[in-house]
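Student: quick check, what structure comes out for this input:
(one chain, ligands or ions: 1)
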Amino acid sequence: MTRIFSGVKPTGHLTLGNYLGAMRRWAETDQHRADALFCVVDLHALTVDRDPARVRRLSRQAATLLLAVGLDPERCTLFAQSHVDEHTRLAYLMECTASDGEMRRMIQYKEKAAREQARGGSVRLSLLTYPALMAADVLAYGTDEVPVGEDQAQHMELARDLAVRFNQRYGMTFVVPRATLPAVAARVMDLQEPTSKMGKSHVRTAGIVYLLDEPEAVRKKVSRAVTDAGRDVVYDRAERPGVANLLDVLAACTGGDPEALAGDYASYGALKKDTAEAVVELLRPVRERHAELAADPGYVDAVLRSGAERARGMARPRVDAAYQAVGLMPAG
Ligand code: AQP
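Tutor: Model prediction:
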């Protein structure tokens with residue numbers, strides 16, 4: 001059976017980009033067709049976050065939202081990365097497999113390091129090395145497919161390179177995984193800066209739709225979305241990124257095709273109105289379910305506990321095999 005692994009970083013409140021790029025597929029198709037694991041990759045949040053209470057709060061919220069979007073613990077394994085030690089055990093071997101140069105080429109590292117420096121903060125070493133942890137997250141489970149948004153494509157290429165290199169050096173140990181992207185909305189853009197990704201850790205929030213935004217907030221953000229010079233509604237990502245982004249979002253919400261949808265609109269105003277309503281309706285059940293689940297934290301904890309137990313059992317044999325393959329002595 002196909003094995004699927006993917007995760008979300010609790011570095012901020014989850015966004016419409018997270019949902020359309022990744023989480024929706026996990027719930028609607030992936031958990032039904034494969035042996036799937038989904039993870040709150042909380043250790044990754046420590047690459048930038050400094051407030052323990054915030055890390056804890058956002059991790060719990062992310063886990064609750066994964067259930068709220070429809071992940072079913074009877075069908076998939078849902079857990080927190082920090083509850084399964086195999087991830088960090090294997091991450092070290094991945095650091096020993098990767099080169100300094102390839103880590104420094106990662107676009108997310110360059111962008112986030114620049115952002116940290118601009119704020120006057122220091123850049124954590126883990127921001128540089130976290131793609132090795134991400135490779136470990138995926139490789140520990142013999143993963144075939146990793147459903148992600150486009151922004152994670154480069155990290156996934158690295159994970160593939162590391163798997164191939166490790167196998168060549170030490171013998172066949174890891175499955176070489178492949179990223180799968182959604183057909184539409186693989187990169188939802190910021191509504192205020194349509195040439196930048198909608199990112200949950202960005203400081204300016206006016207262009208970001210959060211999954212838990214109230215309907216009025218969603219309407220306001222979409223109605224104020226930056227559009228482009230010109231009046232006609234055409235789908236052109238390079239020349240009209242603002243309008244193309246709205247068409248992508250509308251298409252992803254309604255199951256349409258962004259280019260075909262463009263022909264239905266004579267004005268930006270009408271496009272924004274329909275897009276806002278489509279997003280409100282898409283997120284309504286998620287918000288409602290989240291409110292119910294948030295009232296029962298014991299249930300969420302129990303799901304994470306049993307998910308971690310199952311995940312540990314799946315990861316340990318492969319990580320043990322990798323330790324022995326590189327020449328480390330068996331523990332017992
Ligand atoms: N804007 C997006 N459009 C489509 N897919 C997206 N994803 C993220 N943003 C978009 C996908 O959502 C999944 C989980 O993302 P993540 O938590 O690993 O990372 P992130 O959202 O990219 O968040 P960061 O790195 O903490 O900070 P920001 O958001 O500020 O860059 C992934 O599959 C991702 O591709």
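
Student: ok, and the closest non-adjacent residue to whichever residue of the stretch 101-250 of the chain sits closest to the ligand?
Tutor: Nearest residue of the stretch 101-250 of the chain to the ligand (C-beta to the nearest ligand atom) works out as Gly149 at 2.2 Å. Any C-beta I mention is one placed from the backbone N, CA and C, and that applies to glycine too. Among residues not flanking Gly149 along the chain, Gly21 sits closest, at 2.9 Å (C-beta to C-beta, 6 or more residues apart in numbering).

Student: so the one you found sits in a helix?
Tutor: Yes: checked against DSSP: H, G, I helix; E, B strand; the rest coil, Gly21 lies within a helix.

Student: identify the residues contacting it.
Tutor: When contacts are counted by C-beta atoms under 8 Å, 6 or more residues apart in numbering, Gly21 touches 148-151, 181-182, 185-188.

Student: among these, which ones are buried?
Tutor: Neighbour-count burial (16 or more other C-beta atoms under 10 Å) is assigned, among those, to 148-149, 151, 181-182, 185-188.

Student: what does the helix or strand of the chain with the lowest mean pLDDT contact?
Tutor: Across the helices and strands of the chain, the lowest-confidence element by mean pLDDT, DSSP states H and E is helix 107-118, at a mean of 91. Applying C-beta under 8 Å, 6+ apart, the contact partners of helix 107-118 are 47-48, 103-104, 122-124, 127-128, 131, 151, 154-155.

Student: buried stuff in that helix?
Tutor: Using 16+ other C-beta under 10 Å as the test for burial, helix 107-118 gives 108-109, 112-113, 116.

Student: next one: stretch 314-325
Tutor: So for stretch 314-325, counting by 16+ other C-beta under 10 Å, buried means 314-315, 318-319, 322-323, 325.

Student: enumerate the residues of the chain near the ligand.
Tutor: 8-9, 11, 17-18, 20-22, 148-149, 151-152, 186-188, 197-202 (C-beta under 6 Å from any ligand atom).

Student: quick one: which of these sit in strands?
Tutor: Applying DSSP state E to the residues of the chain next to the ligand, the entries found in strands are Val8.

Student: now the strands for the stretch 151-300 of the chain?
Tutor: 178-180 (DSSP state E, counting those that start in this stretch).

Student: how far does stretch 280-294 sit from the chain's center?
Tutor: Computed by C-alpha atoms, centre = their mean, to the nearest Å, the chain-centroid distance of stretch 280-294 equals 19 Å.

Student: pull out the buried positions in that stretch.
Tutor: 280, 282-283, 286-287, 289-290, 293-294.

Student: need the residues that contact that stretch.
Tutor: So stretch 280-294 is contacted by 16, 19, 61, 64-65, 67-69, 209, 211-215, 218-219, 253, 299-300 (C-beta under 8 Å, 6+ apart).

Student: using CSV, list the CA coordinates for it.
Tutor: Backbone C-alpha positions of stretch 280-294 (Å, rounded to 0.1, in the frame of the first residue of the first chain) are rendered in CSV as follows:
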residue,chain,number,x,y,z
VAL,A,280,-16.4,31.7,3.8
GLU,A,281,-18.5,28.6,2.8
LEU,A,282,-15.4,26.4,2.5
LEU,A,283,-14.1,27.4,5.9
ARG,A,284,-17.4,27.4,7.8
PRO,A,285,-17.5,23.7,8.7
VAL,A,286,-13.8,23.8,9.6
ARG,A,287,-14.4,26.6,12.1
GLU,A,288,-17.5,24.9,13.5
ARG,A,289,-15.8,21.6,14.0
HIS,A,290,-12.7,23.3,15.5
ALA,A,291,-14.9,24.9,18.1
GLU,A,292,-16.4,21.6,19.1
LEU,A,293,-13.0,19.8,19.3
ALA,A,294,-11.3,22.7,21.2
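
Student: report the mean confidence score over that stretch.
Tutor: Mean pLDDT, computed over stretch 280-294, is 97.

Student: perfect, that will be all.
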